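Engineer: Sequence below, structure please.
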Amino acid sequence: MRAALRFGIMVLGCVWLAPEGARAEGIVLRAGEHPGFGRIVLEWPEPVNVEATADQSTLTLTFGRRVDEVDFSPALERLPDHLLGFAPGEGLEQVVLQVDPDVRPKVWSTDRRTIIDLYRPVLDPPPVPVWVNEAEGVTRLLFDWPEPVSFRLHDENGTVTMHFDGVGQIDPLAVADALGGLVRSARANTGREASELELDLRGPVELTGRAVDSRRIQVDFAPR
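Structural biologist: Next up, the predicted model:
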């Protein structure tokens, strides 16, 4: 058994978005507010590369295929505090998003999705210690919150989302390291009212989660 170890957290928060708007040649655009940030998701019929360049209040996205047929209006309507406008780029493969000057964009991909997160920095949320223990092939995470918190666990297509109704910093890299080869990538986000940890798993895992008490949340990972 590995001795329990403690690590703190440094983050940046979540909810899932409501389906919305543009279907063009099988492309689906979704957009919605999350705790502390807005998110735009483009779902493609096949994997697509993307390059992102941020310059002051603009975000230029260059894709590995044409995107001139994609309508970003639903994102503009759903994210008025983050997204101010959009326009075609220099080619059919490019689009330029105008974002609020206080927003910090982050663009990443998973499988056939391009995710555009528009963050508003959160100042000094408290760290959430996480204890890790291994026994009989099960890795257990224990989130030790400084105040009472409710919790939801969701697993969809190999992406696990842990949603906490509390504000705290969680170190996604430390969590991924604690889980060894089970995790392909990890992200943590903190908003004004909630925090989330997202893990992209490498393979099938049996998950169980429960509240030990009002402040401590336990999540077990057992490879299948």
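Engineer: okay, CA-based contacts and neighbour counts for the rest of this
Structural biologist: Fine.
Engineer: What are the boundaries of the helices in this structure?
Structural biologist: Secondary structure of the chain (DSSP state H): helices at 73-78, 172-178.
Engineer: I'd like to know which of these has the weakest mean confidence.
Structural biologist: Ranked by mean pLDDT, these bottom out at helix 172-178, with a mean of 90.
Engineer: If you count contacts, what does that helix end up packed against?
Structural biologist: When contacts are defined as 3 or more CA pairs under 8 Å, 6 or more residues apart in numbering; DSSP states H and E, helix 172-178 sits against strand 183-190.
Engineer: I'd like the helices of the chain laid out as CSV, including mean neighbour count.
Structural biologist: Below are the helices of the chain laid out as CSV (neighbours: other CA atoms under 10 Å):
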stretch, mean neighbour count
helix 73-78, 19
helix 172-178, 18
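Engineer: Can you add distance to residue 153 and give the ones you listed back as CSV?
Structural biologist: Shown next, in CSV, are the helices of the chain (distance: least, CA to CA, whole Å):
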stretch, distance to residue 153
helix 73-78, 25
helix 172-178, 16
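Engineer: how about those helices, which one is nearest residue 110?
Structural biologist: Proximity to residue 110, assessed across the helices of the chain by CA to CA, is greatest for helix 172-178 (16.4 Å).
Engineer: Kindly format the C-alpha coordinates of that closest one as CSV.
Structural biologist: The C-alpha trace of helix 172-178 is given here as CSV (Å, rounded to 0.1, in the frame of the first residue of the first chain):
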residue,chain,number,x,y,z
PRO,A,172,-5.1,18.6,-11.9
LEU,A,173,-1.5,17.5,-12.7
ALA,A,174,-1.0,16.2,-9.1
VAL,A,175,-4.3,14.3,-9.4
ALA,A,176,-3.3,12.8,-12.8
ASP,A,177,0.2,11.8,-11.4
ALA,A,178,-1.5,10.2,-8.4
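Engineer: distance of the closest residue to residue 97 other than its chain neighbours from residue 94?
Structural biologist: Nearest residue to residue 97, sequence neighbours excluded (CA to CA, 6 or more residues apart in numbering): residue 86, at 4.4 Å. To residue 94, residue 86 is 11 Å away according to CA to CA, to the nearest Å.
Engineer: How about residue 189?
Structural biologist: Distance, residue 189 to residue 94, by CA to CA: 28 Å.
Engineer: Then residue 34?
Structural biologist: In terms of CA to CA, residue 34 sits 26 Å off from residue 94.
Engineer: who has more neighbours, those two?
Structural biologist: Counting neighbours by other CA atoms under 10 Å for residue 34 and for residue 94 shows that residue 34 has the greater number, 24 against 21.
Engineer: For that one, list each beta-bridge partner.
Structural biologist: Beta-bridge pairing for residue 34 (DSSP bridges): residue 37.
Engineer: Break the protein down into its structural domains.
Structural biologist: For the chain, the structural domains run 5-14+123-223, 20-119, going by automatic domain parsing.
Engineer: Not counting sequence-adjacent ones, nearest residue to residue 206?
Structural biologist: Nearest one to residue 206, counting by CA to CA, 6+ apart, is residue 222 at 5.1 Å.
Engineer: Does that neighbour touch residue 201 like I think?
Structural biologist: No: counting by CA atoms under 8 Å, residue 201 is not a contact partner of residue 222; they are 11.8 Å apart.
Engineer: The residue nearest to residue 183 when sequence neighbours are not counted - how many residues pack around it?
Structural biologist: Spatially, and ignoring its direct neighbours in sequence, residue 183 is nearest to residue 201 (4.4 Å; CA to CA, 6+ apart). For residue 201, the count of nearby residues is 20 (other CA under 10 Å).
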